[in-house]
Structures are given as structure tokens and as C-alpha cells.
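1. Return a 3D structure for these sequence lines:
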Amino acid sequence: ADPHLCNGSFHKHLQDVFVPLVVRYLDLMESSIAQSIHYGFEQETWQPVKSITNNLASVPLPKVPSLPLTLPQMPSFSAPTWMGPLCENTLRGINLPDIFNGSATSEDLFWKLDALQMFVLDLHWPEPEFAQHLEQRLKLMASDMMEACVKRTKVSFDAKMQKASESTDFRVPLSVCTMFNILMDAKKQCSKLCVLDCSQESGKQWQQYHSRIDVLIDDTFKEMISSLIAKFAAVLDCVLSKLSRYDKGTFLSSVLSLTKPGMDLADTYITFVRQNQDILRDRISDELYIEKVFDQWYCSSMKAVCVWLSDRLDLQLHIYQLKTLIKIVKKTYRDFRLQGVLDGSLNSKSYDTIYNRLTMEEATAAVRGGDGLQGISMRDSDEEN
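-> So this is what the prediction gives:
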């Protein structure tokens, strides 16, 4: 073999010359990406990225200043002409919204991390130890950037939810759905950008580090879902609080009994539930997490109603309370069943307790005579819209 070719003296000389350049290059890129995260999330509008041609990052890697050699620039990406019409349909059978669901900052971050790793991979560095060092550094960088992205998203989510209304006017903002999608994208990208090859990831330190990122994303998901469910629960609490005014034996109840309230309270709450279900279904990209949200939302609602009724075991429900609860409970049951909530959750102990109590109250009201329920019944509500 020619000593001047692969791993020869000249080849090693070239490696010695370019090692500091590559290291400096990665230093600059790490600093640049970290700054883009900081400033990007400060100005983030949390609008989802919808178009490939308009939103894919087209940022060349920075030049290294004051060095004798100029590093090759990463080519700018421009979408080929055949991508244009596909943006409105699908790309090889994949819905484009399933690919680009995050915000401008998150999509830019994932693109840059992936492009940088591909750039270094294409160097095909011949010296195994330095090649492994480069890969490990890029994976660590990606993990750190991913962690920063997740934490900044969570902070913005908490601020948004804190300001949100607790009335039936509340609708899940588009920005909140985008934040959920960012975490889903981060979880998917993490397996590609943050995990070393099995041959390299042998030490417990690496496994614990990557496990920590996965745990962070999963825990953040749980906290965000719990926060959203708590907001939905607060809206239901407001509805139940209004029904509490009709508790028998109170002065306010005797006054309100003179009025003939309609079913606006129940109808408004049902509309609130249905419209938020549609928003989540349309705007959150992962079916598994939608099912988790709906399951927890339904269980939380049934528990709240069950507790409210348990606090009134010794009280007979006012006819208005009974009508409103029958309509809310039956429509909630049916709507969440249509959304895919399983029978095990639907027919929980809380629901059984509610069903038995409302059925008993309905029978009592029927014995008293009159048509106070106006045809509203636990049995026939499945025929209603």
C-alpha cells in the first residue's frame, strides 16, 4: 500500500491540520444554535409551521474567522420544484402536517441539529477515536439543546394556561396545541439526534444521560396534560357552583325557584366540551396523546360530578339541577365514547354512582307528578343531539 494514501503520513498530516478547524467549527455552531434557541423562544409566536417551501431553514453554517483555511460551507436548502404541489397533499404517503407541527423555533432547531450531524458524518473522519469523539459531542449537544427547548416550551405553556379563562368561553388556544406538538416532535427527534450507536453507547453514564432526556420529556408531557385537565375541571366547577345556588333549604334557592331557567347552562357546557374536543382532535398530531387527554378529561369530569352529588346525599335535587345534570352527564358520556374513550373508563365507579343517583332522582320527580323534566331522561338522551 502507498504510505502517502489512507492513514499514511500525508493523510495524518491533513488530519492534524483540520482537527482544530473542525473543533472550532463545532464550538461556533453550538454557540450559534444556543443563541437561536434563546432569541427564538423570546420572540416565538407559537404558530405551527405549515409549509415546507416557506418554513424549512435555509441557514448555511458560519465561516470560521482568522484561520488559514476556509471550511466548506453547508449548502443552503431550497425545495425542488416537485415539492410545491405536494405541500398541499402528501409526501410519499405521509401527511405534511404530521412532519411539521412545531413552531418556527423548534423546527429550525431540529433541522440545524440534524444538518450539523449529517455534515460531520459526511466528513468520514478516518481516525476512529476522534470520529467517536465528534459523534459523542454532537449527541450531547443535541440532548442539551433538546432539554432547553422542552423547558422553554413548558414555561410558556404554564404562562398561557395561567392567563386562560375558567368559564365555558375557554377554547384551547392554537399556541397550546403547538406546544404539545413541539414535545411530540422532540420525543421523536430525540431517538435520532441524541442516541449513540449501540456499539458506542455502552457506558452507564451515556444510558443515564439519554434516559434523563426521555424522562424529562415524558414528565413534561404529564404535567402539561394535567394542567390542561385542571383547566377543564375548573370550568366544570364553575358550572356546578352555579347549580349549587339551587340547593334546597337556602334563601337563594327559594328566590331562584320563582324563575323558570332554561337549559342554557347545560347547552353552553356541552358546546364547550365538543368544541374543545374538535380543537384537540384537529390540531394535536399524535393520536395516543389525544386519547390520554380525553380519557383523563372524562374521568376527571365524572369524579367532579360524583363528589358534588355525594355532598348532597341528604338533599333532594332541585328539578333544574336534575335536568341540567342529566343532560350534561349523558352528553358527556356519549361524546367521549365517540372520541374513543374505552368502556373501562366510561363505565367507571363514578359514572355508575352518578347514574344510579340521577335515575333515582328522576323516578322521585316522576312520582311527584307534573312534567318538570320536560322529557329529559337518563334513558332517552342517546336519541338527542
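2. which residues in this protein form strands?
-> 90-91, 94-95 (DSSP state E).
3. Give me the mean pLDDT for stretch 113-133.
-> On average, the pLDDT along stretch 113-133 is 87.
4. Just the CA atoms of it, as CSV, please.
-> What follows is stretch 113-133, C-alpha atoms only, in CSV (Å, rounded to 0.1, in the frame of the first residue of the first chain):
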residue,chain,number,x,y,z
LEU,A,113,-29.1,19.7,14.7
ASP,A,114,-29.8,17.1,12.1
ALA,A,115,-28.0,19.1,9.4
LEU,A,116,-24.9,19.5,11.6
GLN,A,117,-24.8,15.8,12.4
MET,A,118,-25.1,14.9,8.8
PHE,A,119,-22.3,17.4,7.9
VAL,A,120,-19.9,15.8,10.4
LEU,A,121,-21.0,12.3,9.4
ASP,A,122,-20.2,13.2,5.7
LEU,A,123,-16.6,14.0,6.7
HIS,A,124,-16.0,10.3,7.2
TRP,A,125,-13.2,11.0,9.7
PRO,A,126,-10.7,8.2,9.3
GLU,A,127,-9.3,8.2,12.9
PRO,A,128,-11.8,6.2,14.9
GLU,A,129,-11.2,7.8,18.3
PHE,A,130,-11.7,11.4,17.1
ALA,A,131,-14.7,10.3,14.9
GLN,A,132,-16.3,8.8,18.1
HIS,A,133,-15.5,12.0,20.0
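5. What are the buried residues along it?
-> In terms of neighbour count (16 or more other Cβ atoms under 10 Å), stretch 113-133 has its buried residues at L113, A115, L116, Q117, F119, V120, W125. Bear in mind the C-beta positions are built from the backbone N, C-alpha and C, glycine included.
6. and what of stretch 301-312?
-> Buried, per 16+ other Cβ under 10 Å, within stretch 301-312: S301, M302, K303, A304, V305, C306, W308, L309.
7. Also stretch 281-288?
-> Residues R283, I284, S285, D286 are the ones in stretch 281-288 that count as buried (16+ other Cβ under 10 Å).
8. repeat for stretch 339-350
-> Neighbour-count burial for stretch 339-350 [16+ other Cβ under 10 Å]: Q339, V341, S345, L346, S348, S350.
9. Give me the number of neighbouring residues for the nearest residue to the first one once chain neighbours are set aside.
-> To tie it back to what came earlier, the one meant is Q339. Leaving aside its sequence neighbours, Q339 sits nearest to F294 (Cβ to Cβ, 6 or more residues apart in numbering; 5.0 Å). F294 is flanked by 19 other residues according to other Cβ atoms under 10 Å.
10. Dump the buried residues of stretch 301-312 into a markdown table; add distance to L322 as well.
-> As requested, the buried residues of stretch 301-312 are exported to a markdown table (distance: Cβ to Cβ, whole Å):
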| residue | distance to L322 |
| --- | --- |
| S301 | 18 |
| M302 | 17 |
| K303 | 20 |
| A304 | 17 |
| V305 | 12 |
| C306 | 15 |
| W308 | 13 |
| L309 | 11 |
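11. Can I get those in TSV including distance to D335 and pLDDT?
-> What follows is the buried residues of stretch 301-312, written out as TSV (distance: Cβ to Cβ, whole Å; pLDDT from 0 to 100):
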residue	distance to D335	pLDDT
S301	11	97
M302	13	97
K303	17	97
A304	16	96
V305	15	96
C306	18	96
W308	20	96
L309	20	95
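12. Out of those, name the ones that lie in helices.
-> Of the positions in the buried residues of stretch 301-312, S301, M302, K303, A304, V305, C306, W308, L309 sit in helices, assigned by DSSP state H.
13. any idea how far C306 is from the closest residue to the fourth one other than its chain neighbours?
-> Right, A304. The spatial neighbour of A304 that comes closest, neighbours along the chain excluded (Cβ to Cβ, 6+ apart), is L236 at 5.3 Å. In this view, L236 and C306 are 12 Å apart by Cβ to Cβ, to the nearest Å.
14. again with T364
-> Taking Cβ to Cβ, one finds T364 at 19 Å from C306.
15. With K163 instead?
-> Using Cβ to Cβ, K163 is found at 30 Å from C306.
16. With G340 instead?
-> With the distance defined as Cβ to Cβ, G340 ends up 22 Å from C306.
17. just for the stretch 201-350 of the chain, where's the confidence low?
-> Applying pLDDT under 70 to the stretch 201-350 of the chain picks out residues 201-210, 249-261.
18. And the helices in it?
-> Using DSSP state H, counting those that start in this stretch, the helices of the stretch 201-350 of the chain run over residues 204-244, 251-256, 264-283, 287-310, 319-338, 343-346, 349-368.
19. do the stretch 1-150 of the chain as well
-> 9-42, 52-55, 83-86, 96-99, 104-121, 128-163.
20. quick one on the thing from earlier: list the contacts of the residue nearest to Q339.
-> The contact partners of F294, taken as Cβ atoms under 8 Å, 6 or more residues apart in numbering, are Q277, L280, F336, Q339, G340, V341.
21. Swap in 6 Å and give it another go.
-> F336, Q339, V341 (Cβ atoms under 6 Å, 6 or more residues apart in numbering).
22. ok, how many other residues are close to the first one?
-> It stands for F336. Neighbour tally, F336, other Cβ under 10 Å: 22.
23. which ones are touching it?
-> Contact analysis of F336 by Cβ under 6 Å, 6+ apart lists F294, Y298.
24. separation between it and S345?
-> As judged by Cβ to Cβ, F336 and S345 stand 8 Å apart.
25. Grab the most central residue of the chain for me.
-> Here the mean C-alpha position of the chain is nearest to the C-alpha of F180 (Cα atoms, centre = their mean), at a distance of 1.8 Å.
26. I would like the residues contacting stretch 270-279, please.
-> Here stretch 270-279 has contacts from T168, V172, K331, Q339, using Cβ under 6 Å, 6+ apart.
27. my bad, should have said stretch 142-157
-> So stretch 142-157 is contacted by 33, 37, 41, 106, 109, 113, 179, 182, 186, 190, 193-194, 213, 216-217, 220, 224 (Cβ under 6 Å, 6+ apart).
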